[in-house]
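>>> Have a look at this prediction, sequence included:
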Amino acid sequence: MEKAEKKVTMKDIAQEFDVSIVTVSKALAGKDGVREQLRQEILNRAHELGYIFKKNPERNESRNVAIIISERFIGVNSFYQKVYQQMLIELTKRNFVAIFETVRAEDEEKGELPKLLSLKSIDQIIVIGEVGNAYLRSVVRTGIGCILFDFENEDFDMDAVISDNVNGGYLLTRHLVRSGCKKIGFVGSYLATRSNLDRFVGYRKYLIANQLDFNEEYVLPDRNEKGLDVDLKLPATLPDGFICTNDHTAYRLIKKLRSEGYNVPEDIAVVGYDDYSDNRMDDVALTTYHVNIEEMIGQLLNILEQHCVNPDYRYGTVISYGWLVERKTGLLGAGKNKGE
């Protein structure tokens, strides 16, 4: 019995020309960024090797996309609820049919995929928020293209779209220092997700770069291993300001500080992250870092379209930059002398 002929991949072509898979992908897709002579050589060699070019589906043809998210990220204050709603609108505009699936903790741990992925009717997978390696390994085994949204995982050859979490943590820390804070803490379980860890790294990066003291007692966890909120326990001595891993946690911290007799920002400054929360406080103008969801979704859809044209397409990790939103809570001492 003869062996089945090995399928030619972009990686095979890239190795022949000693270029990246991204370069080959752009050449085959007719995208900018590749010299015309090299593009033609890659196209010719691809035909010689028998590379299979996947035809672009008609614009009026619906394509099915499974959107997967861990149950620990779903709740009344979930930032990802907003992400999913906006993503759904944009997917519909491009003739994608989205099927939403929540992953239970036990299924994530075992790598147990939803039954919809076994029906062979799914064209692409989008994973929102972080899931474990066991689960991603199961996704890879399906052979269906997958894009990670708001996290990346270097252990897998998957495209990802993330926000500039390190830069965001850095800019928030700088803002607090410029407002007069000398001792700064961080509220968030930074090992819970890579996004949280990157924000923590940005915070530490600024402290190190500017030779400012770091105090472990000023780092407060905000959730447990199941992703549920835990009581915020204030240290015996408070810093001048706190960076919170998201807006939800920032509002919780402000309530906690008030219950202990402190005023924000007269006594202590507080900043959040995301520029989104369903649990806003009417009397609080929260300084935060705006995550550019619209741009992130746009980047995601561009990659998704390329995956549909060519399943071997790889872009890598796309970083979408946000911006600092300056409001009152990040200004230490604001209103202290104004009778506010």
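Received the coordinates, thanks.

>>> Could you list the low-confidence segments of this protein?
1-6, 29-31, 52-62, 75-77, 118-120, 277-279, 335-340 (pLDDT under 70).

>>> just the strands in it please.
63-70, 96-103, 124-128, 145-149, 159-163, 184-187, 219-220, 241-244, 269-271, 288-290, 317-320, 323-325 (DSSP state E).

>>> ok, the shortest one: who's next to it in the sheet?
Looking at strand 219-220 with DSSP bridges, its paired strands and their directions are strand 184-187 (parallel).

>>> how distant is the strand it pairs with from the center of its chain?
Centroid separation for strand 184-187 versus its chain: 21 Å, with CA atoms, centre = their mean, to the nearest Å.

>>> Pretty sure G333 sits against D240.
No - between G333 and D240 there is no contact under CB atoms under 8 Å: 9.2 Å. All C-beta atoms are positioned from the backbone trio N, CA, C, and that covers glycine.

>>> rewinding a little: and N263, which of the strands of the chain is closest to it?
strand 269-271 (10.8 Å; CB to CB).

>>> Comparing G333 and D240, which shows the higher neighbour count?
D240 (20 against 16; other CB atoms under 10 Å).

>>> what's that one in contact with, if anything?
L176, G180, C181, K182, K183, I184, I268, A269, L332 (CB atoms under 8 Å, 6 or more residues apart in numbering).

>>> so which pair among the residues you listed is furthest apart in space?
Greatest spatial distance in these: K182 and I268, 12.0 Å, computed using CB to CB.

>>> what about these two, which has more around it?
Neighbour comparison, K182 and I268: the larger count goes to I268, with 23 against 12 (by other CB under 10 Å).

>>> The nearest residue to Y218 once chain neighbours are set aside bridge partners, please.
Using CB to CB, 6 or more residues apart in numbering and skipping residues adjacent in sequence, the residue nearest Y218 is G185, 3.1 Å away. For G185, the beta-bridge partners under DSSP bridges are F242.

>>> Double-check G185 against V219; I have them as touching.
Yes - counting by CB under 8 Å, V219 is a contact partner of G185 at 6.4 Å.
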